[in-house]
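Visitor: need a structure here:
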Amino acid sequence: MNSEVTAGTRVNSPAPVARTRSTRGLAATITAILIGAVAITMIAAGFSRIRTGQWPEFVLFVASDRSLTGSSPLVIAVASLLAILGLILLLSALIPGPRKHFAVATENSRDVRINGSGIARLVEHRIDSIDGVSAVRANLRRVRVEVRVSTPLRATETVHNKALSAATEVLEDTLEAPLPRINIQVRSLS
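Guide: Numbering: from 1, shown residues only. Below is the predicted model:
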């Protein structure tokens, strides 16, 4: 059973912006594409060598071309392109964005923050105390708390409603606006 609800917001409090941290997805994607392309090319060349007994034309052309020296314009252009791509990958891996933090509702200080992992653990502990819950796992993904609950009961609607209200309550009690949305999935083990 799936549901998604947006937890209520607090009145008379400025909405702090939830800050995000990059996951280095750009660097990983570019590297995976490059390594995959090189691997596919090498595998295709190897199969061609096994099947026909000789290397493909593009391999023979590159190997026999005497004009491809270090001072060749083509070699310089390819080396420059690879150097720029390497610099972009290095910078995207080393310069992450800010971490994702949410403001904690406190009376004295406005500088108390909690990260996504802490929010997920709070929700997990609150839902784990509900009768009929055998296992719970929560993760914060961007601005949504994804909760997976396992129950030995066949009728999951009661557990779902209790888990949803408990998660909403813990977020409203702990955080200031904007609050993450809640998505509950309940799975029956019987």
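Visitor: which of the residues in stretch 77-90 are buried?
Guide: Buried residues in stretch 77-90, counting neighbours by 16 or more other Cβ atoms under 10 Å, are found at L89. Quick note: C-beta positions are derived from backbone N, CA and C, even for glycine.
Visitor: what does that stretch rub up against?
Guide: When contacts are taken as Cβ atoms under 8 Å, 6 or more residues apart in numbering, the neighbours of stretch 77-90 outside the stretch itself are 27, 30-31, 34.
Visitor: quick one: which of those is most hemmed in?
Guide: Ranked by neighbour count under the definition other Cβ atoms under 10 Å, those are headed by A27 with 17 neighbours.
Visitor: helices along this structure, start to end?
Guide: Remark: helices of the chain, listed N- to C-terminal, are 25-52, 57-64, 73-94, 116-128, 157-174; assignment by DSSP state H.
Visitor: alpha carbons of the second one, as CSV, please.
Guide: So the one you mean is helix 57-64. Backbone C-alpha positions of helix 57-64 (Å, rounded to 0.1, in the frame of the first residue of the first chain) are rendered in CSV as follows:
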residue,chain,number,x,y,z
GLU,A,57,40.5,-1.5,-40.2
PHE,A,58,40.3,1.3,-37.6
VAL,A,59,42.9,-0.4,-35.4
LEU,A,60,45.2,-1.0,-38.4
PHE,A,61,44.8,2.6,-39.6
VAL,A,62,45.7,4.1,-36.3
ALA,A,63,48.7,1.7,-35.9
SER,A,64,50.0,2.4,-39.4
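Visitor: run through who's touching that helix.
Guide: With Cβ under 8 Å, 6+ apart as the contact definition, helix 57-64 has outside contacts at 45, 54-55, 68.
Visitor: how about a cut-off of 6 Å?
Guide: Residues outside helix 57-64 that contact it (Cβ atoms under 6 Å, 6 or more residues apart in numbering) are A45.
Visitor: hmm, what's the outermost residue in the chain?
Guide: The outermost residue of the chain relative to its centre, with distances by Cα atoms, centre = their mean, is R66 at 46.8 Å.
Visitor: need the per-residue pLDDT for it.
Guide: R66 carries a pLDDT score of 76 in this model.
Visitor: what of R51?
Guide: pLDDT, R51: 92.
Visitor: tell me where the model's unsure across the chain.
Guide: The chain contains residues with pLDDT under 70 at 1-24, 96-100, 109-110.
Visitor: residue contacts, V133?
Guide: 149, 151.
Visitor: at 7 Å instead, please
Guide: Each residue near V133 by Cβ atoms under 7 Å, 6 or more residues apart in numbering is listed here: 127, 149, 151, 159.
Visitor: and it, backbone torsions?
Guide: Torsion angles at V133 (phi, psi; degrees, to the nearest 10) stand at phi -100, psi 120.
Visitor: okay, it and A120: tell me how far apart.
Guide: According to Cβ to Cβ, to the nearest Å, V133 and A120 sit 16 Å apart.
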